[in-house]
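> My questions concern the predicted model and sequence given below.
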Amino acid sequence: MTFRAEGITKRFGPTVALDGVDIELRPGEIHALCGGNGSGKSTLIKTITGVEIADSGTFSIGEIASAAPDVTPARSHEWGIRCLHQQGSTFGSLTVTENFAAGVGFPRGFGGRIDWRAARKHSRELLEEFEIDASPDQLLEELRPVTRQMVAIARVLQDRSDSAGGVLILDEPTASLSAADVDRLHEAVVRFAETGTMVMYVTHRLGDLPGFASRATVLRDGRVVGELGASEIRHDRLVEMIVGVSEEELLSAASSHVVDASARDERLVLKDVVGGPVKGASLSVGAGEIVGVAGLVGAGRSSLLEMVFGTQEPQSGSVELDGEPLTWRSGKPHDQVALVPENRVIDAAFLPLSLTENIVATTTGRCWRKGFLNHRAERAEVRQIIADSGIKAASEEAPFQTLSGGNQQKAIVARCLRGEPEVLLLDEPTQGVDFAARAAIHETIRTAASEGLCVLVVSSDLEELVLMCNKVVVLVDGVTTSTVSGPDLTPENLERLGFGEVVSSV
Amino acid sequence: MADPRAHSRGKLSASLEAYTLLFLAALVAILFAKLPATADVFPTAANFQAIAGGQAVLIVATLAVLIPLICDEFDLSVGANLGLASVVSASFMAAGLPLVVAVGAGLLSGALIGVVNGLLVTRVGVNAVIVTLGVSVIIHGVVQYRTGGKSITEGLPASWLNVGSESIFGIPVILLIALVIAGLVYYLLTYTPYGRQLYMMGANRQAAKLVGLRANWLLFTCFVVGGLLAGAAGVLQVARAGAAAPSVGESFTLPAFAAAFLSAAAIKPGRYNVWGCVVAITFLAVINGGLNIAGASVYIADFVNGTALISGVALAVYLRRRRGA
């Protein structure tokens, strides 16, 4: 039994989101779906699950075939298609059992009361079946991120009629996982595949795919660029297909701007900072220097940034810029520090407002002339910024929520730079952003650094740190254990240091 | 994006959306002008002045609702605050104090209520709906206690009452005043960084804090500015009614909210805005005025305003969602 999508086409007004896409999933295979933001991955998933109605094409599973426009969420469900969406919707403050019930309801007893005993039994069975290390009464927020993700997967799979067959779609399931956890999740996915489940696996982390995916389909601009067999799946090959340019070209364009790291005045200095998960962090950033912070999730990376920015107060230690402490005055951040937060939608974006209003958010007063905001001057400045940062939008007045994630992120970086800060803090600046947008953001940050900005960047993407940073500080359990630069600065070294291993300098 | 036709089509539908409500208002006006039951009275200058003059206070009251609403806060005390300001200014006038002092006292009482609301919301952290509801009930009690439930009608200066009844070139003076106030609020919201910041607060408060806006201060001021506008509406109400009735304010809260919500469906779709409020009030006034002349019972206005409130909110939600798609 295979699942086949043929000639799937979907238009949104004049934009063609999917243009005759064919994809075939086979039992026991892990089929990777790759592509940049806006390439049509999400739309394809939505048409398969019936959330969006395709304009034309056909879907078939085994013998059953259906015109694509006729697929509804109910029918897709009936076919055994299950999807775990990007922001895995688990409830942190509820128990494992309650989370399982959120999908299908609770077993009921006399008079409609919840039969807790049956519910717990059901969740114990699921935990066992999916080999999840948790107990039914544990709160989800107490679990490790990978375990939470497993609970989410078990929840979407729990009501399939037979455990074999069916389609499992995973959309960026590893976005919040550390490297070790990614391996654990992959082991589980391989297990599902071995029982005959057809897995469709969507990710930006291309490095995860070789040796894991059995097949990969690459989309660009709503079309299938090509399909790769297991032996052909290589990072560079995928990047080339996704972007349409070879990775070397992108990298060489980027690395030519790295500033020489030698002999600099230290401007931002952290000494023995303690607070929250951070238990003793010291580092310094010089003018024009890009310093990375590596470490596992939970090592205190984001808290460290928050203490520099001022949203979290250190219990002890000092954070100083040019010898002056960085503290909030009258409830607002220090003028000289800007933050690109990890969660764009919650902490940075003004979704209903226009692109212009989002870009000038910190600097609204800039175009205030003779008692009036000069809208024309403002728009002209913003158009220049849009061109410089390569933001793609219908116009500078487009509502921010109509932009893709990568373009929103470019705009937020541009907003921070427009405030002309001395220190720029970046928390996972390119998470969930496609390769081309990632390169553009790196470029923007490098240019700003070359003009003397101090940059401190936290990222789970070790390649990103190696690519961008002059040096990288490694946090292990809240303590800065080592600083890597020069030829030692490799993803492998950072990975090992992050786990507390000692790397002998060559 | 690349297709220029698509862009212009988007612009066309956007401008259609922006003026639909205004167009509907015109359509309803033409309907009443032609309808036999209302054709004699509706399309006359006198009726225009009556309807237009009658909306002036509502325009200012709606602006008082609009400012906190942009910040994503509800000020339910606008009606009561308006009533208090009209009683305060009328009693100062009746006591023979200069007009400027009486008007100033009305504005001040409005702003002070705003200060109380703002402090309770930002300092104590009570939900704004609860704060303003509570405050409005307390105001109502205080006004009843001070006036004994009686209207202030005696001793009001003719100079102020004339403001409520005279016209310049056929346009009621009180409407002109309301439009000038609307212009000032428009300036505040569109041409000052402060207005921008209010919209940012409403769009994402968490992000507003992180980009360096003084969130608590903005929240506090939105209630004070709203209170000041409610005070202005109260003072105008004295001129319009020729009296200060203790419970006059209550009838303003609901239509003001209806118009403020509907404003997101006109002129600048998807965003609460000043001229959208004026269009929404025009729309409601034409319907209510026409029905009134046609001899419809008073309670019909309740149906119209209630429906407008709900459909205004529904429309705002719909437009916001569609712009997001």
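It's in. Numbering: from 1, shown residues only, chains lettered A, B, ... in the order given.
> residues near residue B:88, how many?
26 (other Cβ atoms under 10 Å in any protein chain shown). For the C-beta atoms, the positions are set from N, CA and C on the backbone; glycine is no exception.
> Tell me the helix or strand right after the helix-or-strand element of chain A with minimal mean pLDDT.
Scoring the helices and strands of chain A by mean pLDDT, DSSP states H and E places helix A:247-255 at the bottom, with a mean of 51. Per DSSP states H and E, the first helix or strand lying C-terminal to helix A:247-255 is strand A:266-275.
> Just the buried residues of the helix or strand that that following strand is followed by, please?
Going down the chain from strand A:266-275, the next helix or strand is strand A:278-286, by DSSP H and E. Within strand A:278-286, the residues that qualify as buried are A:278-281, A:283-286, counting by 16 or more other Cβ atoms under 10 Å in any protein chain shown.
> Please tabulate those in CSV, including the columns distance to chain B and pLDDT.
Shown next, in CSV, are the buried residues of strand A:278-286 (distance: Cβ to the nearest Cβ, whole Å; pLDDT from 0 to 100):
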residue, distance to chain B, pLDDT
A:278, 20, 88
A:279, 25, 87
A:280, 26, 90
A:281, 21, 92
A:283, 22, 92
A:284, 25, 91
A:285, 21, 93
A:286, 25, 91
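> Was I right to think residue B:181 contacts residue B:235?
No. In this structure residue B:181 lies outside contact range of residue B:235 using Cβ atoms under 8 Å: 11.0 Å.
> The two: who's more crowded?
Taking neighbours as other Cβ under 10 Å, residue B:181 and residue B:235 compare with residue B:235 leading, 30 against 19.
> Show me what the host helix or strand of that one is packed against.
Taking DSSP H and E as the criterion, residue B:235 maps to helix B:215-241. Helices and strands touching helix B:215-241, by 3 or more Cβ pairs under 8 Å, 6 or more residues apart in numbering or on different chains; DSSP states H and E, are helix B:45-70, helix B:78-94, helix B:99-119, helix B:158-165, helix B:173-191, helix B:193-203, helix B:205-210.
> Can you list the buried residues in the longest one?
To tie it back to what came earlier, the one meant is helix B:45-70. Buried residues in helix B:45-70, counted by 16+ other Cβ under 10 Å: B:47-70.
> Just want the angle from it to helix B:215-241.
160 degrees (axes from the mean of the first three to the mean of the last three Cα atoms, to 10 degrees).
> From the contact counts, what lies against helix B:45-70?
Using 3+ Cβ pairs under 8 Å, 6+ apart as the contact test, the elements touching helix B:45-70 are helix B:78-94, strand B:171-172, helix B:173-191, helix B:193-203, helix B:215-241, helix B:250-262, helix B:274-293.
> and of those, who's closest to residue B:144?
Closest to residue B:144 of those is helix B:78-94 (Cβ to Cβ; 10.1 Å).
> Could I get the full set of helices for the stretch 301-450 of chain A?
Using DSSP state H, counting those that start in this stretch, the helices of the stretch 301-450 of chain A run over A:301-309, A:344-347, A:355-359, A:375-389, A:405-418, A:435-450.
> Could you dump these into a markdown table with distance to residue B:21, mean pLDDT and mean neighbour count added?
Shown next, in a markdown table, are these (distance: least, Cβ to Cβ, whole Å; pLDDT from 0 to 100; neighbours: other Cβ atoms under 10 Å in any protein chain shown):
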| stretch | distance to residue B:21 | mean pLDDT | mean neighbour count |
| --- | --- | --- | --- |
| helix A:301-309 | 44 | 89 | 24 |
| helix A:344-347 | 31 | 89 | 17 |
| helix A:355-359 | 24 | 95 | 24 |
| helix A:375-389 | 24 | 93 | 15 |
| helix A:405-418 | 31 | 93 | 24 |
| helix A:435-450 | 39 | 91 | 20 |
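> Thanks a lot, see you next time.
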